[in-house]
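**Student:** below are the sequence and a predicted model for it; my questions follow.
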Amino acid sequence: MDKIVKFSGLLREKGIPASVRSTQTAIEAYKLLKKDSKENEDVLRDALAAIYLKDRRQFPTFEKTFDSLFRPGEPDSTKESEEEITNSSKKRYNSKRFLKAYNYSFKVLEPEKVEAEKSALDGFDYMPPLDENLKNEFDESELLQRDITKLNSFEPELLDLCQKLGRKIANKRARRRNESRNMRPDIRRTMRKNLKYGGTLIDLVRSKPKIKKNEHIFLNDVSGSCDWISSWFFCMVYAAQTSFNRARIFDFDNKTLETTSALEEVNLIDAFVKVQDLRQKSSMIHGTSNMYTAFKSFQNQANINNKSYVLILSDCRDWAGPKSGKKPLSADVLEEIARRAKRVIVLNPEARNKWNVVDSCVSYYEDAGADFFEVRNLSQLADLVMNI
């Protein structure tokens, strides 16, 4: 018991959560798997890892701590574990089907060209992102608070985090929906029914739950300034799609493309790759914003009505759209969309002090009836989607 308690304390010092319940379970496992042989020692390590660990990236730290307590004086096997995790991560995330979505090409170099490439790279201290992430302590709170406009590269941790946020959104919305279905007492009807008892409340009448058939339409800006932001937003919506009624997703730059079919994919990576393929086929990779033509196209495709919630993720910079004086004509189209929809919400990833500067159309869109919210990080983005 003392050894396991000490082990739990060492794990907590290393940043791995070890609760009282986990410690109790580990003590029971240790009683069953006391190390009488090398084989039993490995089984004990795997059993304790299954009890304590919630994230496979913590395994190298766990193994090093285990060896220091249960295998003192033996060679450190952490390096080998890190290599195994690195290889499995690359196999999971850096597959050809994902790289294909970003136009990566594969070629085989001749031996002399390989040597030339190596000599050209001499002097550079380069480390692949995945290896770098394994060496650094994984900090989920730092990723949640990081400026969303700087999330412009693929990171496996962000993909996992977006899926986790999506599930959190779905759980909170489902809980809120279930609470709304609980039939609360209808005071007016209860009093009318109990008049025959002289006003004494004997029979309680409950109200019927309201049936809401709202439609949620997500409109993502995939122009050069918002490309990666819309990708992380799609990951959240994919993970939370079951909590939205009749969800539809559109991408836009100077035209609109519906990508709702990607939500039907079983795997997130497959859905992500399908979205990228659809964008490529429609020539919507790093395009220029023309919100007038995009909103016109969206208006014709979406069939908006008074049950529709329209969520637009965009920095609202109409680079190529036509203007009447200083006012962009896209504001008139958005006003028509807002008039027909139940609500139009714009999630702007730019800092508020950059709104209405140069070609920003925020004030014109607010006058058109859109509600604006600043989303500077993934935490803010998730909270806003959660409360819709």
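**Tutor:** Yep, that arrived.
**Student:** dihedrals phi and psi, the residue lying closest to residue 147 once chain neighbours are set aside?
**Tutor:** Among residues not flanking residue 147 along the chain, residue 376 sits closest, at 6.0 Å (C-beta to C-beta, 6 or more residues apart in numbering). All C-beta atoms are positioned from the backbone trio N, CA, C, and that covers glycine. In terms of degrees, to the nearest 10, the main-chain angles of residue 376 are phi -100, psi -10.
**Student:** stretch 238-246: end-to-end distance?
**Tutor:** 13 Å (C-alpha to C-alpha, to the nearest Å).
**Student:** ramachandran angles for residue 321?
**Tutor:** Dihedral angles for residue 321 - degrees, to the nearest 10 - are phi -70, psi 150.
**Student:** if we can go back for a sec, how close does the residue nearest to residue 147 get to residue 346?
**Tutor:** Distance of residue 376 to residue 346, computed by C-beta to C-beta, to the nearest Å: 14 Å.
**Student:** more neighbours, those two?
**Tutor:** Between residue 376 and residue 346, counting by other C-beta atoms under 10 Å, residue 346 is the more crowded of the two (22 against 17).
**Student:** wouldn't the more buried one be in contact with residue 372 here?
**Tutor:** Yes. With contact defined as C-beta atoms under 8 Å, residue 346 reaches residue 372; the gap is 5.0 Å.
**Student:** now for the two: what residues contact both?
**Tutor:** The contact sets of residue 346 and residue 372 overlap at residue 365 (C-beta atoms under 8 Å, 6 or more residues apart in numbering).
**Student:** what about residue 197, neighbour count?
**Tutor:** Residue 197: 10 neighbours (other C-beta under 10 Å).
**Student:** show me what contacts it?
**Tutor:** Applying C-beta under 8 Å, 6+ apart, no residues qualify as near residue 197.
**Student:** ditto for residue 327
**Tutor:** residue 364.
**Student:** who does it bridge with?
**Tutor:** residue 324 (DSSP bridges).
**Student:** ok, now how distant is it from residue 27?
**Tutor:** For residue 327 relative to residue 27 (C-beta to C-beta), the value is 71 Å.
**Student:** quote the end-to-end distance of stretch 338-345.
**Tutor:** Start-to-end span of stretch 338-345 (C-alpha to C-alpha) is 9 Å.
**Student:** so how far is it off the chain centroid?
**Tutor:** 25 Å (C-alpha atoms, centre = their mean, to the nearest Å).
**Student:** so which bits of that stretch are buried?
**Tutor:** 338, 340, 341, 344, 345 (16 or more other C-beta atoms under 10 Å).
**Student:** what sits up against stretch 288-303?
**Tutor:** For stretch 288-303, the surrounding residues in contact (C-beta under 8 Å, 6+ apart) are 217, 219, 221, 223-225, 248, 250, 252-256, 258, 308, 310, 314, 316-322, 328-330, 333-334, 336-337, 361.
**Student:** just the buried residues out of the residues you listed, in ChimeraX syntax.
**Tutor:** The buried subset of those, as determined by 16+ other C-beta under 10 Å, is captured in ChimeraX by this line:
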select :217,219,221,223,225,248,250,252,253,254,255,256,308,310,314,316,317,318,319,321,328,329,330,333,334,337,361
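**Student:** what does the model give residue 27 for pLDDT?
**Tutor:** At residue 27, the model reports a pLDDT of 89.
**Student:** now, the contacts of stretch 288-303 that are in helices?
**Tutor:** 330, 333, 334, 336, 337 (DSSP state H).
**Student:** can you put those residues in CSV and add distance to residue 66 and pLDDT?
**Tutor:** Shown next, in CSV, are the ones in helices among the contacts of stretch 288-303 (distance: C-beta to C-beta, whole Å; pLDDT from 0 to 100):
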residue, distance to residue 66, pLDDT
330, 60, 92
333, 62, 93
334, 59, 93
336, 64, 93
337, 59, 93
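**Student:** pick the one among those residues closest to residue 367.
**Tutor:** Residue 367 lies nearest to residue 334 out of the ones in helices among the contacts of stretch 288-303, by C-beta to C-beta, at 9.6 Å.
**Student:** in contact with the closest one, which residues are there?
**Tutor:** 291, 295, 344, 365, 368, 369, 370.
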